[in-house]
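>>> quick one, what's the 3D model for this:
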Amino acid sequence: MFELLDFDYRYLVQDFVFYGLFFAALAWGAGPERLIATTWLVFFEILPKLYRAVWSEGYQLEQVDLFYAAMDGIAAAVWIFVALYANRNYPLVIAAMQLLVMAAHLARGLIETISPVAYATMMIAPGWFQLLILATGLTRHVLRQRRYGPYREWRLPISFLGRAPSFLGSSKS
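Numbering: from 1, shown residues only. Below is the predicted model of the structure:
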């Protein structure tokens, strides 16, 4: 079964799955789904491609790549915000998976003898679970909305952000 994920085109498969989820989140999701999907788009699709185009670097498995560590840290902060304020439970698991990625960077920085394969696995595997959890959360949101009608997107009003972007939705419903 694991052989299915151990092939040269796994990144293309992950990108294909993500873009399907991204457009589904834009079409059927509410603010939390859109923010999670947009965060993935910016930090795991656009920025790495720009980084590789400018510096032609991939993952550095022998040492911590500060760009990827910073990118993962900012994504974790956004997803923790969503987990705390969204009127959903699944963002908690997505944020927890991102904290596992941050732990991988920390372990690589602190322990010199960590295997590059273990480091790569700790950085890559949570992404697959995050996509699965986002797909499940989006599906449950759509089913809940069909069954009960519109409901609050956020636990609290996000008025402390000032004028929030429209794709974040509103806490009123």
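>>> contact partners for the residue of the chain positioned farthest from its centre?
Distance from the C-alpha centroid of the chain peaks at residue 113, with 28.2 Å (C-alpha atoms, centre = their mean). Residue 113 makes no contacts at all, as judged by C-beta atoms under 8 Å, 6 or more residues apart in numbering. The C-beta positions use only the backbone N, C-alpha and C, and glycine is treated the same way.
>>> which one's the longest helix in the protein?
Determined from DSSP state H, the single longest helix within the chain is helix 116-148.
>>> any idea how far that helix is from the chain center?
Averaging C-alpha coordinates over helix 116-148 and over its chain gives two centres that are 8 Å apart (C-alpha atoms, centre = their mean, to the nearest Å).
>>> please, which helix or strand holds the residue farthest from the centre of the chain?
Residue 113 belongs to no helix or strand when elements are defined using DSSP states H and E.
>>> where does the protein dip in pLDDT?
1-8, 56-62, 157-173 (pLDDT under 70).
>>> residue nearest the centroid of it?
Centroid-nearest residue in the chain, with C-alpha atoms, centre = their mean: residue 40, separated by 4.6 Å.
>>> can you tell me the SS state at that one?
Counting by DSSP: H, G, I helix; E, B strand; the rest coil, the backbone at residue 40 sits in helix.
>>> quick one: contacts for it?
18, 22, 75, 130, 134.
>>> which helix or strand contains the second one?
Here residue 22, judged by DSSP H and E, is contained in helix 10-28.
>>> and that helix, how far from the chain's centre?
Centre to centre, stretch against its chain (C-alpha atoms, centre = their mean), the figure for helix 10-28 is 12 Å.
>>> same for it, what does it pack against?
helix 31-40, helix 116-148 (3 or more C-beta pairs under 8 Å, 6 or more residues apart in numbering; DSSP states H and E).
>>> okay if I get these as a markdown table plus distance to residue 79?
Shown next, in a markdown table, are these (distance: least, C-beta to C-beta, whole Å):
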| stretch | distance to residue 79 |
| --- | --- |
| helix 31-40 | 6 |
| helix 116-148 | 9 |
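>>> out of those, which gets nearest to residue 98?
helix 116-148 (6.9 Å; C-beta to C-beta).
>>> now do the buried residues in that closest one.
119, 122-124, 126-127, 130-131, 133-135, 137-138, 141-142 (16 or more other C-beta atoms under 10 Å).
>>> distance check, the residue nearest to the centre of the chain against residue 73.
Shown here: residue 40 relative to residue 73, a distance of 15 Å by C-beta to C-beta, to the nearest Å.
>>> what do you get for residue 131?
20 Å.
>>> do the same with residue 121
Counting by C-beta to C-beta, the gap from residue 121 to residue 73 is 19 Å.
>>> also residue 50?
Counting by C-beta to C-beta, the gap from residue 50 to residue 73 is 18 Å.
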